[in-house]
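Enquirer: Need a 3D model of the sequence below.
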Amino acid sequence: MKTTVIVLVSIFLFAFSCEGDKKENNSSMETELSQVIEENVLIAEDFKGKLDELLTLEMAAETSGYPVSEAKKSPNSEIEKKSNKISVSYFWDKTNRTQQIEMMGRKMDVPVNDEVTLSWVENITLDGFKKKYHNLTEAEIEASNQGIDEKTAEMNADGKATQEQTDMAKSLAKNAMKNFSVEEVPNVGEYAVFVNQKFAGVPTRELKVFYKGLSFSLLINLSEDVSFNDKKAIALAQKIINQKLK
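Expert: Presented below is the predicted three-dimensional model:
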């Protein structure tokens with residue numbers, strides 16, 4: 001199981017690496033980080049382990065419309081925070097909604113909690129943000145598919161994964177690319193987009209926001225109505241910027 005998970009994660013990340021040569025990417029990332037620091041913008045490191053100060057329980061509760069006292073937070077303890085520094089989530093068990101997921105070819109209906117999540121607070125330039133979150137071209141998809149095939153063949157040859165594992169990983173990664181789309185959102189931060197993804201049969205829609213060299217993601221799942229969730233995400237993003245980042 002552990003090997004399978006590692007393979008899946010590796011292939012999935014590789015599938016969305018559409019920036020070209022690895023050395024070129026590393027150089028680009030270093031340049032962008034230097035540019036961010038030189039411009040004296042917001043620094044992501046300042047929020048490391050403190051995302052619950054950027055998105056407080058009170059802010060999440062106001063977004064959800066549910067009582068603060070009934071929320072479940074993750075990570076909650078200091079120990080949990082040490083192992084998860086990339087996100088903070090608030091959940092409310094207030095709905096009978098379910099979601100269909102697919103695992104190993106089997107479809108299952110699982111309960112869904114109402115959720116407000118902040119994640120992936122990181123430094124990036126506006127150009128880098130737009131490159132990261134854009135609708136893939138046919139050429140990019142073709143190049144990624146070729147890369148996936150080469151990577152899985154390499155893993156098979158090196159004995160790092162079985163044919164069954166890499167076949168499953170390839171299928172997941174290629175399907176994820178097919179279901180990846182981006183929609184620009186006006187008047188949120190300096191630039192923002194909704195990113196639609198579907199992985200292992202589970203669709204997600206996150207608001208990605210760029211502001212003063214900082215990017216963050218918001219996942220709002222409070223209703224089956226997508227437009228309702230979108231409005232909540234936009235309002236919360238603006239609140240985070242106005243109350244915490246200005």
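Enquirer: Mind pulling up the pLDDT for Leu219?
Expert: Per-residue confidence at Leu219 stands at 98 (pLDDT).
Enquirer: now Val9
Expert: 45.
Enquirer: got it, and Ile6?
Expert: Per-residue confidence for Ile6 comes out at a pLDDT of 42.
Enquirer: Strands of the chain, start to end?
Expert: Using DSSP state E, the strands of the chain run over residues 72-74, 87-92, 98-103, 106-111, 114-123, 181-184, 191-199, 202-211, 214-221.
Enquirer: Tell me, how many residues neighbour Glu142?
Expert: Glu142 is flanked by 11 other residues according to other Cβ atoms under 10 Å. Just so you know, the C-beta spots here come from the backbone N, C-alpha and C atoms, and that holds for glycine as well.
Enquirer: and it, how far is that from Asn196?
Expert: Noted for Glu142: a distance of 21 Å to Asn196, by Cβ to Cβ, to the nearest Å.
Enquirer: just to revisit the earlier point, most packed of the strands of the chain?
Expert: Highest mean neighbour count of the strands of the chain: strand 214-221, a mean of 23 (counted as mean count of other Cβ atoms under 10 Å).
Enquirer: Can you give the domain ranges for the chain?
Expert: When the chain is parsed with automatic domain parsing, its domains come out as 1-40+136-177, 41-135+180-246.
Enquirer: returning to that earlier point: and the strands of the chain, which one's lowest on average pLDDT?
Expert: For the strands of the chain, the bottom mean pLDDT is recorded on strand 98-103, which sits at a mean of 78.
Enquirer: and that one, what does it pack onto?
Expert: Here strand 98-103 is seen to pack against strand 106-111 when contacts are counted using 3 or more Cβ pairs under 8 Å, 6 or more residues apart in numbering; DSSP states H and E.
Enquirer: Could you list the low-confidence segments of this structure?
Expert: Flagging of the chain using pLDDT under 70 yields the residue ranges 1-40, 103-104, 200.
Enquirer: related to what we said a few turns ago, mind putting the strands of the chain into JSON lines with distance to Glu53?
Expert: As requested, those are exported to JSON lines (distance: least, Cβ to Cβ, whole Å):
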{"stretch": "strand 72-74", "distance to Glu53": "13"}
{"stretch": "strand 87-92", "distance to Glu53": "9"}
{"stretch": "strand 98-103", "distance to Glu53": "30"}
{"stretch": "strand 106-111", "distance to Glu53": "30"}
{"stretch": "strand 114-123", "distance to Glu53": "11"}
{"stretch": "strand 181-184", "distance to Glu53": "29"}
{"stretch": "strand 191-199", "distance to Glu53": "22"}
{"stretch": "strand 202-211", "distance to Glu53": "17"}
{"stretch": "strand 214-221", "distance to Glu53": "13"}
